[in-house]
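Peer 1: Okay, sequence plus prediction incoming.
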Amino acid sequence: MTKVLTDTRSIRIKGRSFLALVLSPEPPLDAWLTRLDDLASRSAGFFLGRPVVLDVADLEIDRAGLKKLIDELGQRNVRIMGIEGGRPSLFEPGMPPAMKGGRPAPDIEIPAETTAEPVGAAPAKAAVPIVQVEPQATRAISSIVIREPVRSGQSVIFPEGDVTVVGSVASGAEIIAGGSVHIYGTLRGRALAGSVGNASARIFCRRLEAELLAIDGVYKTAEDMAPNLRGQAVQLWLEGDSIMAERLN
Amino acid sequence: MAKVIVVTSGKGGVGKTTSTAALGAALAQRNEKTVVVDFDVGLRNLDLVMGAERRVVYDLVNVIQGDAKLPQALIRDKRLDTLFLLPASQTRDKDSLTPEGVEKVMAELKKHFDWIICDSPAGIERGATLAMRHADIAVIVTNPEVSSVRDSDRIIGLLDAKTERAERGERVEKHLLLTRYDQARAERGDMLKVDDVLEILSIPLVGIVPESTDVLKASNLGAPVTLADSKSAPALAYLDAARRIAGETVPMTIPGEKRGFLGKLFGRRAA
């Protein structure tokens, strides 16, 4: 069924840039939150009504930790409009969206201890025009190494980059990597490389006994694999829409 | 210092209960106070294999719910003074086991025993995870066939994630106990070989128990195989495995491997 459009005007989408405050929490987070509380006690409503972006690029944090941090900030009336420098695996539905391509602006002046500013008074300096146009590079972790066997029923999901397993991947286990998959052992389970759209990702294993192989959404089941590759050291890559394989020796 | 052992496998029917009884009796024979605990609430079997089914008054669930004191529920073995059984309840289900209740019972057992052996139910649900929760040592019972091996692999993953030790950042000591092994059939390719299983699971081997009619016979008599006939091949394998668990170094023998050409012929006929 097709919906009939009665109003044919197109939706107008515009771009606009706003200056946001960037908060970069530092570990330990409890101490950092205490310092934040101290700032808020000196200047109540400093963050009220302002767009705030959370920068977690230099913060070692997991998804649960990030969620807790957002909650803690919410309790302090700091509303996060976006998260910068976070690995894709940190995000889950309901969280503020990931932001990138932010451009640096002069630091916002934090009220000094002596000045008791009225609630909601925003320093006028915050609105200075953006001078630098150099895009800020976000630090990315590009690979992880797993130093023990991946057992049946376990799955390793790493959309940010390569996964290296020093050990075997059991039947019923899976490795999902944004980049390439390297297995220094027997691959009996599933390996999915280039899972977030990377056609140049490859799969390497010391011994191929895999149930399923996939690169950038193109997959091969055990039945489709050439029998002479079984039990061999193999690398697999993508050419067009087909998975190519070659023995490594 | 009390050690908690969980006997687990994921898959059913591989010999967890038989192994629990046999290892329990073997450790108790070393004059170390041992208790075997049945975690298979609703489908209890350990009491039958231990020959104590007519002596069960109170059980694990009664103790957890506070209806009975632990000493009231413990059944002392008639053959070995150092061996005790804490039976499961047959009329309840696994939901009667609470994490707090199990923790309390384990803490109390640790005060009185050298070895606490928990017989895990099959599966990876509540009963199985609570049985492994407090383990220091895990004995993973595996048959030489692919589905049992894969289920064991799954259980090893859970031992590294869901136990108290894992949560403290420590490791559960893991041992593979290969049961119902038949050398002749493994050589014919009907069964996985010892090396294949070890390669897949990559945990140390603690014993190889041969497929034998002695095991079923002992179960039906209500005696752990190590007590029923301590000279039988499975009993010897379990006795050696118990010594290895206790920290002794005992050379590993693959049952049936040392037989000569004629022996193999006869062995095949018997199989």
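Peer 2: Thanks, I have it.
Peer 1: Residue 157: what's its closest spatial neighbour, skipping adjacent residues?
Peer 2: Looking at chain A here, since you left the chain open. Closest residue to A:Ile157 apart from its sequence neighbours, by Cβ to Cβ, 6 or more residues apart in numbering or on different chains: A:Ile176 at 4.6 Å. Every C-beta, even on glycine, is put in place using the N, C-alpha and C of the backbone.
Peer 1: wait, chain B
Peer 2: Closest to B:Gly157 by Cβ to Cβ, 6+ apart is A:Arg151, at 3.2 Å.
Peer 1: ok, the one you found touching B:Leu159?
Peer 2: No - under the contact definition of Cβ atoms under 8 Å, A:Arg151 does not touch B:Leu159, with a separation of 9.2 Å.
Peer 1: Please say which of the two ends up with more neighbours.
Peer 2: Between A:Arg151 and B:Leu159, counted using other Cβ atoms under 10 Å in any protein chain shown, the more crowded position is A:Arg151 (27 against 24).
Peer 1: Might you report the residue contacts of the more buried one?
Peer 2: Applying Cβ atoms under 8 Å, 6 or more residues apart in numbering or on different chains to A:Arg151 gives the contacts A:170, A:173, B:153-154, B:156-157, B:160.
Peer 1: ok, of these, which one's closest to A:Gln232?
Peer 2: A:Ala170 (18.8 Å; Cβ to Cβ).
Peer 1: okay but the closest one is in contact with A:Ser155, surely?
Peer 2: No - contact criterion Cβ under 8 Å: A:Ala170 and A:Ser155 do not qualify, at 11.2 Å.
Peer 1: which one of these two has more residues nearby?
Peer 2: Neighbours were counted for A:Ala170 and for A:Ser155 using other Cβ under 10 Å; A:Ala170 has more, 28 against 13.
Peer 1: Which pLDDT value goes with that one?
Peer 2: Here, the pLDDT recorded for A:Ala170 equals 95.
Peer 1: residues of stretch A:164-180 that come out buried?
Peer 2: By 16 or more other Cβ atoms under 10 Å in any protein chain shown, the buried positions in stretch A:164-180 come out as A:164-165, A:167-180.
Peer 1: nope, stretch A:39-59 is what I meant
Peer 2: By 16+ other Cβ under 10 Å, the buried positions in stretch A:39-59 come out as A:40, A:42-43, A:46-47, A:50, A:52-56, A:59.
Peer 1: Now render the residues you listed as JSON lines, adding distance to B:Leu130 and pLDDT.
Peer 2: Listed next are the buried residues of stretch A:39-59 as JSON lines, based on distance: Cβ to Cβ, whole Å; pLDDT from 0 to 100:
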{"residue": "A:Ala40", "distance to B:Leu130": "45", "pLDDT": "76"}
{"residue": "A:Arg42", "distance to B:Leu130": "51", "pLDDT": "72"}
{"residue": "A:Ser43", "distance to B:Leu130": "52", "pLDDT": "70"}
{"residue": "A:Phe46", "distance to B:Leu130": "50", "pLDDT": "68"}
{"residue": "A:Phe47", "distance to B:Leu130": "46", "pLDDT": "71"}
{"residue": "A:Arg50", "distance to B:Leu130": "50", "pLDDT": "71"}
{"residue": "A:Val52", "distance to B:Leu130": "44", "pLDDT": "83"}
{"residue": "A:Val53", "distance to B:Leu130": "45", "pLDDT": "85"}
{"residue": "A:Leu54", "distance to B:Leu130": "39", "pLDDT": "86"}
{"residue": "A:Asp55", "distance to B:Leu130": "43", "pLDDT": "85"}
{"residue": "A:Val56", "distance to B:Leu130": "37", "pLDDT": "84"}
{"residue": "A:Leu59", "distance to B:Leu130": "36", "pLDDT": "81"}
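Peer 1: Closest one of those to chain B?
Peer 2: Distance ranking of the buried residues of stretch A:39-59 against chain B, using Cβ to the nearest Cβ, places A:Leu59 first at 21.8 Å.
Peer 1: Please give the element, helix or strand, for that closest one.
Peer 2: For A:Leu59, there is no host helix or strand (DSSP states H and E).
Peer 1: List the residues that contact B:Asp229.
Peer 2: Contact analysis of B:Asp229 by Cβ under 8 Å, 6+ apart lists B:214, B:218, B:235.
Peer 1: So, low pLDDT: which residues of the chain?
Peer 2: Picking chain A for this. A:1-5, A:8-19, A:44-46, A:48-49, A:101-141 (pLDDT under 70).
Peer 1: hm, I was asking about chain B
Peer 2: B:257-271.
Peer 1: quick revisit: among the buried residues of stretch A:39-59, which are located in strands?
Peer 2: A:52-55 (DSSP state E).
Peer 1: Many thanks, have a good one.
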